[in-house]
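Q: Pasting the sequence and the predicted coordinates here, then a few questions.
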Amino acid sequence: MPYNIAMVSDFFFPQSGGIESHIYQLSSKLIDRGHKVIIITHAYKGRTGVRYLTNGLKIYHVPFFVIYRETTFPTVFSFFPIFRNIVIREQIDIVHGHASLSSFCGEAILHARTMGLRTVFTDHSLFGFADAASILTNKLLKFTLSDVDHAICVSHTCKENTVLRASLDPLMVSVIPNAVVAENFCPLSYYPRTHDQIPISPADPRPSPTPIGPNDTITIVVISRLFYNKGTDLLIAAIPRILASNPNTRFIIAGSGPKAIDLEQMLERNVLQDKVEMLGSVRHEEVRDVMVRGHIYLHPSLTEAFGTVIVEAASCGLYVVCTRVGGIPEVLPQHMTTFAKPEEDDLVVATSKAIAALRSNKVRTDRFHDQVKMMYSWRDVAERTERVYQGIIGDISPSEFYGSYPDQGWDVSGDRVRSFALIDRLKRYYGCGVWAGKLFCLCVVIDFLIFVFLEMWFPRANIDIARSWPKKQPLDKLRTHSIRNSK
Amino acid sequence: MPGRLRVQRPSPTTVSFTVSNASPRSSSPAKILFGIQILLRAVLFCCVIVGLTARLRHLVLFQGENLAQWQAIWSSPFGAHLCSLVDKYNSWAMAVVSVLVIYGVFKRGYTEESLLVIRGFGIQTSTSSSTYLSSAATRFISTTQIQDIVIHEAFKGFEVRFYLAVIVEGEPDVLVVFPANDTGF
């Protein structure tokens, strides 16, 4: 049962970032599992049209009007004709949208439901409830998610946030974390195990790492964009105190942003230029080279849905000090991290504790890489995502997919298997709010009329079916084939 | 409207691919219809010429006996009737209508594009012009200039289409072979 999946998001390469690499890694692993995946995004500068990446991953860079930070102008209906054309020519079964701020994703989910396709939405970020911008975003999210078949969140905190924001049924939201490519984040002195060894044996034949003496320098690494929500203010307040109370400590700070100037002022005021090194922004492939120079990774973020960077740091063999916010506490096990409250005093205490723990050589950071490798892999993410696809398509029964809850007074498969009938969809949208509900219903009706019009004006018969990328034969089949040939 | 592909082999080393979006004229009613259409165009053209001549009969060119017995024509019953008819209309309106009708008469209702492949020598593309008055635009590319020939997809209007393109050495843009017709590779 291989599926044809379309990933839709405003954010994709050549722009780099967490969502972009998530979409790419997930897609390439799904292709490895035998599915066909295409990605639909808007045109970037110098990148328009149809492109192929490794493994036959096909990208449609649709020419579209971009307003702010690579987000397209939200025009509810204008994306429909070209989206319909792409979906028909690629014979798509499932539309998978990413990122709640992407208007492409929201439109695609609406149109896909109108066309009678199953939809999945992945949320990558946390939002507040109080300010005007959040309220507007939450309404838009509600519009997107009212009719979606299933939602995926990157952490349990993110799930809670999304369920509250979009008033979703919690059973319709799965948690599938991000992952890292562990091979790209190896510690400096890493001896890969040979395959015939048992993965984690108590008698580790590798040499124990050189212990840290009481007077050796400990380097603390911070890699983050220097924004308010990344906790740069906390960092600015904490650095002088950490350096004062812990001699033989150094900082390496990589990243750029509006708070960089405040950070530099603090360094000059306290004359700390020889103890704090500022690298400016680094590319994602250079992150590992910066990380392996340190012993501790400090992550002072104020809000975070998942925090891939701390997994990368642990994979590089760094001890992690982070704030207990958002989805961060779910990410790493206790022995790899020291948590702090998001306030200055506690951050200083936690960092000092971590330095003391390293100096007493209690933490086996050399084992972190293998442990992280066991915990996070994109293959696992792809498998779990595939199960979501099976659940919404109906290849596994609703009671198996959503779990069975007898004698609870409600039926598992009740409203969760979303029917495509227009009247049912209108009912779901109508419940979104007094005014918003009516407005949403109007949008859905217009969308349906546009669909009927498109079916008449650009009939399906005139749309060519695109050829799929030739699939690689599985390795064992190939081998038997060649053996037969050699005979 | 999807075009129809016709493949011809004029000689053992050449192949000609022709794509045209004209309606097929294989059945006899279609042939008769095509004949009627030609006849209609000719009649329309004649009408416009005669009408214009009648309107411009006061010019020196249509006076005296230089081309025909003009005086006799204008004074004959048919000529007199025609003159009174055309004099009712504004001359500018007549000029505009005449130009439109003549354009319509000579307009080709379809585009025909072809690709001629000559082994070891090169390829020639040709695109028919929009009117019957001018000839087709052709371009020859020798084998040494061709870097590659690709079939790829592109956005066109609200659609994604396949196209065949030739990458020519030393040119910034590729040459799309059947630009007007939807060939559906």
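A: All right, it came through fine.

Q: so how far is A:E90 from the residue in the stretch 51-200 of chain A that chain B sits nearest to?
A: Nearest residue of the stretch 51-200 of chain A to chain B (CB to the nearest CB) works out as A:P81 at 3.7 Å. Heads up, the C-betas are built off the backbone N, CA and C, glycines and all. A:P81 is 15 Å from A:E90, where distance means CB to CB, to the nearest Å.

Q: In terms of neighbours, single out the busier of the two.
A: The neighbour comparison of A:P81 against A:E90 (other CB atoms under 10 Å in any protein chain shown) goes to A:E90, with 21 against 18.

Q: Verify the stated contact: the more buried one with A:I38.
A: Yes. Judged on CB atoms under 8 Å, A:E90 makes contact with A:I38 at a distance of 5.4 Å.

Q: overlap in contacts of these two?
A: Contact criterion CB atoms under 8 Å, 6 or more residues apart in numbering or on different chains; residues shared by A:E90 and A:I38: A:4, A:6, A:58.

Q: Can you report how many residues neighbour A:L298?
A: 32.

Q: again, but for A:I59
A: A:I59 has 19 nearby residues by other CB under 10 Å.

Q: How about B:Q71?
A: For B:Q71, using other CB under 10 Å, the count is 14.

Q: got a list of what the closest residue to chain B within the stretch 251-400 of chain A touches?
A: Proximity of the stretch 251-400 of chain A to chain B (CB to the nearest CB) peaks at A:Y389, 24.2 Å away. By CB under 8 Å, 6+ apart, the residues touching A:Y389 are A:3, A:5, A:94, A:118, A:120.

Q: Any regions of the chain where pLDDT drops low?
A: The chain I'm using is chain A. Where chain A drops to pLDDT under 70, the residues are A:67-72, A:190-210, A:404-415, A:472-487.

Q: let's do chain B instead
A: B:1-2, B:60-68, B:182-185.

Q: try it again with 50
A: Along chain B, no part satisfies pLDDT under 50.

Q: what kind of secondary structure is B:I38 in?
A: helix (DSSP: H, G, I helix; E, B strand; the rest coil).

Q: Please produce TSV containing the shared contacts of A:E90 and A:I38, extended by distance to B:V168 and secondary structure.
A: Shown next, in TSV, are the shared contacts of A:E90 and A:I38 (distance: CB to CB, whole Å; DSSP: H, G, I helix; E, B strand; the rest coil):
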residue	distance to B:V168	secondary structure
A:N4	36	strand
A:A6	34	strand
A:K58	26	strand
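
Q: Please pick the buried ones from the residues you listed.
A: A:4, A:6, A:58 (16 or more other CB atoms under 10 Å in any protein chain shown).

Q: Excluding chain neighbours, what is closest to the last one?
A: Spelled out, that is A:K58. A:I38 (4.5 Å; CB to CB, 6 or more residues apart in numbering or on different chains).

Q: residue contacts, the one you found?
A: A:4-7, A:57-60, A:86, A:90, A:92.

Q: State the helix or strand in which it lies.
A: strand A:36-42 (DSSP states H and E).

Q: Pairing partners for that strand, with directions?
A: strand A:4-8 (parallel), strand A:57-62 (parallel) (DSSP bridges).

Q: Now tabulate those strands in a markdown table and tack on distance to A:G433.
A: Below are the strands paired with strand A:36-42 laid out as a markdown table (distance: least, CB to CB, whole Å):
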| stretch | distance to A:G433 |
| --- | --- |
| strand A:4-8 | 25 |
| strand A:57-62 | 31 |
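
Q: Of all those, which one comes closest to B:S23?
A: strand A:57-62 (33.4 Å; CB to CB).

Q: quick one: contacts for A:F121?
A: Residues in contact with A:F121 (CB under 8 Å, 6+ apart) are A:96-98, A:105, A:109, A:144-145, A:148, A:150-152.

Q: Quick check: A:R418 touching A:H150?
A: No. The criterion here is CB under 8 Å, and A:R418 misses it with A:H150 at 9.2 Å.

Q: Show me how chain A divides into domains.
A: Per automatic domain parsing, the structural domains of chain A span A:4-179+A:379-462, A:182-376.

Q: could you dump the ones you listed to TSV with distance to B:P179?
A: As requested, the domains of chain A are exported to TSV (distance: least, CB to CB, whole Å):
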stretch	distance to B:P179
domain A:4-179+A:379-462	16
domain A:182-376	40
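
Q: circling back: tell me the spacing between the residue nearest to A:K58 and chain B.
A: Using CB to the nearest CB, to the nearest Å, we find A:I38 at a distance of 11 Å from chain B.

Q: Who is that residue paired with across the strands?
A: Beta-bridge partners for A:I38, by DSSP bridges, are A:A6, A:K58.

Q: how about the helices in chain B?
A: In chain B, the helices defined using DSSP state H lie at B:28-55, B:70-75, B:77-86, B:91-106.

Q: hey, which of those helices is tucked in deepest?
A: With neighbours defined by mean count of other CB atoms under 10 Å in any protein chain shown, none of the helices of chain B is more surrounded on average than helix B:70-75, at a mean of 14.

Q: Am I right that A:V388 is in contact with A:V173?
A: No. A:V388 is not in contact with A:V173 according to CB under 8 Å; the separation is 10.3 Å.

Q: what is in contact with those two at once?
A: Joint contacts of A:V388 and A:V173 (CB under 8 Å, 6+ apart) are A:150, A:152.

Q: Show me what from chain A comes close to chain B.
A: A:48-50, A:60, A:62-63, A:81-82, A:85-86, A:89, A:458, A:462-464, A:466 (CB under 8 Å from any CB of the partner chain).

Q: Show me the two of the residues you listed that sit farthest apart.
A: Spanning the widest gap among those are A:T48 and A:N462, at 23.5 Å by CB to CB.

Q: Look at these two and report which has more neighbours.
A: A:T48 (16 against 12).

Q: quick one, what contacts that one?
A: By CB under 8 Å, 6+ apart, the contact list for A:T48 reads A:61, A:63, B:155.

Q: what's stretch A:451-460 in contact with?
A: By CB under 8 Å, 6+ apart, stretch A:451-460 touches A:80-81, A:84-85, A:88, A:111, A:114-115, B:158-159.

Q: Which among those count as buried?
A: A:80-81, A:84-85, A:88, A:111, A:114-115, B:159.

Q: Give the residue farthest from the middle of chain B.
A: Most distant residue from the mean C-alpha position of chain B: B:S75, 38.8 Å away (CA atoms, centre = their mean).

Q: Go ahead and confirm A:S125 touches A:H98.
A: No. Between A:S125 and A:H98 there is no contact, the gap being 10.6 Å when judged by CB under 8 Å.

Q: The two: which has the busier surroundings?
A: Per other CB under 10 Å, whichever of A:S125 and A:H98 has more neighbours is A:H98, with 26 against 20.

Q: residue contacts, that one?
A: A:7-9, A:11, A:19, A:22-23, A:105, A:121-122, A:124.

Q: among the residues you listed, which are in strands?
A: A:7-8, A:121-122 (DSSP state E).

Q: out of these, who has the most neighbours?
A: A:V8 (32 neighbours).

Q: any idea how far it lies from chain B?
A: A:V8 is 15 Å from chain B, by CB to the nearest CB.

Q: Not counting sequence-adjacent ones, nearest residue to that residue?
A: Closest to A:V8 by CB to CB, 6+ apart is A:A108, at 4.0 Å.

Q: hang on, that neighbour packs against A:F83?
A: Yes. With contacts counted by CB under 8 Å, A:A108 reaches A:F83, the gap being 6.0 Å.

Q: Which one of the two is surrounded by more residues?
A: Ranked by neighbour count (other CB under 10 Å), A:A108 and A:F83 place A:A108 first, with 28 against 25.

Q: got the contact list for the more buried one?
A: With CB under 8 Å, 6+ apart, A:A108 has these contacts: A:6, A:8, A:40, A:79, A:83, A:95, A:97.
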